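# no sequence for this one, just the structure:
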């Protein structure tokens, strides 16, 4: 396939010149490898990015490998593997300034962790949890302190979809069952086999020198250097929910593997299972409401059917001129995004380092990028 990326180059150059982003990189892949790559502004082909929540899918891939190998079950209670998880109670509310806690009415399973239905939340997306942190002074996951994982649940497991620290606990399960630190396991079983040679939880001096700086969108729309904490600068654990770094090419290799039936890391049956709807009757929220506008804007759901698989958000209908039904996707808080369209055999990654998440100007660029990808992919498709 000959992929003419001139429209995308112009789009990304324009995003830089208009002040939408200070640096951006994109890659488009099919099942056989990269079709197109481009970087603009402060980014170049060697730029390192904070993957943030794009770490989640990679850690879930590791857990799915353990599932394939018979070491893990989706129905296994989390506390049967990590007894400390059984200490977590549910935050029901507050009596004045005192948190009101109770034991959970159900037990969280490994499957709940993969689908964000284990009852865990994030401080910047849940009012109750935000208030809990304010009242108790307990650290949040961006502190790098492992203690931050031991805050209460916000729902009974299996009752609601809530974005939170599920993948962090899943990473701890990978460590417990493999006997390896998560980064070491990934180096051996995911990063290494896929050639993701710059992917890491602990960038060395040279890699840190290639990190794109983080910028903050100001009220007038301008960008200035962000004062937000570096999430993993002194992390006590390999945070499977947000802690990895890498290049856009590295993440493109990961997307390609999932397009290509898991080649190199998973079997086709596991990939197909993971990309199916695993929420059942549980519905995704119509909007994720932010409790910290420096980190994230409110995130509205697209007005189309969607759900969650094992590690990925799923589209349950076609988007005309864009992704197909069954496409998996997600993002990172620094306004980085990816999708995996197995039906059309196309995937892409768009990465920048900009806060708050769901920046409206970046989202417009992302939509234009996706439309350009499919327009070009359609034009480049061979005639049979």
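Received the coordinates, thanks. Model, not experiment: these values are computed from the prediction.
# Break down the stretch 51-200 of the chain into its strands, ranges please.
Remark: strands assigned in the stretch 51-200 of the chain by DSSP state E, counting those that start in this stretch are 90-95, 98-102.
# Nearest approach to residue 330 belongs to which of those?
Closest approach to residue 330 among the strands of the stretch 51-200 of the chain is made by strand 90-95 (25.6 Å; CB to CB). Using the backbone N, CA and C atoms, a C-beta is placed for each residue, glycine as well.
# Report the buried residues of the closest one.
90, 91 (16 or more other CB atoms under 10 Å).
# Looks like residue 325 contacts residue 343 (just checking).
Yes: the criterion here is CB atoms under 8 Å, and residue 325 meets it with residue 343 at 6.8 Å.
# follow-up on the earlier one: now tabulate the strands of the stretch 51-200 of the chain in TSV and tack on mean pLDDT.
TSV is the format used below for the strands of the stretch 51-200 of the chain (pLDDT from 0 to 100):
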stretch	mean pLDDT
strand 90-95	97
strand 98-102	98
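# so which of the ones you listed gets nearest residue 196?
Of all the strands of the stretch 51-200 of the chain, strand 90-95 sits nearest to residue 196, with 37.2 Å by CB to CB.
# now the helices for the protein?
6-17, 55-68, 78-81, 110-115, 127-136, 166-178, 182-186, 192-194, 205-208, 248-259, 268-274, 360-380 (DSSP state H).
# and the ones you listed as a markdown table, adding mean pLDDT, mean neighbour count and distance to residue 37?
As requested, the helices of the chain are exported to a markdown table (pLDDT from 0 to 100; neighbours: other CB atoms under 10 Å; distance: least, CB to CB, whole Å):
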| stretch | mean pLDDT | mean neighbour count | distance to residue 37 |
| --- | --- | --- | --- |
| helix 6-17 | 98 | 17 | 10 |
| helix 55-68 | 98 | 24 | 20 |
| helix 78-81 | 98 | 18 | 39 |
| helix 110-115 | 98 | 25 | 30 |
| helix 127-136 | 97 | 17 | 39 |
| helix 166-178 | 98 | 23 | 27 |
| helix 182-186 | 98 | 22 | 23 |
| helix 192-194 | 98 | 16 | 16 |
| helix 205-208 | 97 | 11 | 19 |
| helix 248-259 | 98 | 25 | 7 |
| helix 268-274 | 98 | 17 | 24 |
| helix 360-380 | 91 | 17 | 12 |
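# between the ones you listed, which one is nearest to residue 44?
Using CB to CB, the helices of the chain put helix 248-259 closest to residue 44, at 10.5 Å.
# how distant is stretch 45-65 from the center of its chain?
Here stretch 45-65 shows a centroid-to-chain-centroid distance of 7 Å under the convention CA atoms, centre = their mean, to the nearest Å.
# likewise stretch 284-295?
Mean-position distance between stretch 284-295 and its chain equals 15 Å (CA atoms, centre = their mean).
# Could I get the buried residue list for it?
Buried, per 16+ other CB under 10 Å, within stretch 284-295: 284, 288, 290, 291, 295.
# and which of those residues is nearest residue 99?
Residue 99 lies nearest to residue 291 out of the buried residues of stretch 284-295, by CB to CB, at 16.0 Å.
# dump the residue contacts of that closest one.
Contact analysis of residue 291 by CB atoms under 8 Å, 6 or more residues apart in numbering lists 123, 124, 125, 126, 127, 130.
# related to what we said a few turns ago, same list (the buried residues of stretch 284-295) but as CSV, adding pLDDT.
Output for these, formatted as CSV (pLDDT from 0 to 100):
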residue, pLDDT
284, 97
288, 97
290, 97
291, 97
295, 95
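# Return the closest of those residues with respect to residue 217.
Among the buried residues of stretch 284-295, residue 295 lies closest to residue 217 (CB to CB), at 11.6 Å.
# thought that closest one was touching residue 357?
Yes: contact criterion CB under 8 Å: residue 295 and residue 357 qualify, at 6.5 Å.
# who touches both of the two?
Residues touching both residue 295 and residue 357 (CB under 8 Å, 6+ apart) are residue 333.
# quick one, which of the strands of the stretch 51-200 of the chain is nearest to residue 71?
strand 90-95 (29.2 Å).
# Just list what that closest one packs against, helices and strands only.
The contact analysis (3 or more CB pairs under 8 Å, 6 or more residues apart in numbering; DSSP states H and E) places strand 90-95 against strand 98-102, helix 127-136.
# How far away from the center of its chain is it?
28 Å.
# ok so, going back, from the buried residues of stretch 284-295, which land in strands?
residue 288 (DSSP state E).
# Pick out the most distant pair among the buried residues of stretch 284-295.
284 and 295 (20.3 Å).
# residues contacting residue 361?
By CB under 8 Å, 6+ apart, residue 361 lies in contact with 15, 18, 20, 217, 221.
# before we move on, the earlier item: out of the contacts of residue 291, who's nearest residue 24?
Looking across the contacts of residue 291 and measuring by CB to CB, the closest to residue 24 is residue 124, at 23.6 Å.
# wait, doesn't that closest one sit right on residue 292?
Yes: Residue 124 lies in contact with residue 292 (CB under 8 Å); the separation is 4.0 Å.
# Quick check: neighbours shared by those two?
residue 130.
# now the helices and strands packed on strand 90-95 in CSV, with distance to residue 31?
What follows is the helices and strands packed on strand 90-95, written out as CSV (distance: least, CB to CB, whole Å):
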stretch, distance to residue 31
strand 98-102, 49
helix 127-136, 40
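# re earlier: let's see which of the contacts of residue 361 end up in strands.
residue 217.
# Dig out what residue 94 forms beta bridges with.
When bridges are called by DSSP bridges, residue 94 pairs up with residue 99.
# roughly how far apart are it and residue 100?
Note on residue 94: its distance to residue 100, by CB to CB, to the nearest Å, is 6 Å.
# related to what we said a few turns ago, and of the strands of the stretch 51-200 of the chain, who's closest to residue 148?
Between the strands of the stretch 51-200 of the chain, strand 90-95 lies closest to residue 148; by CB to CB that is 14.7 Å.
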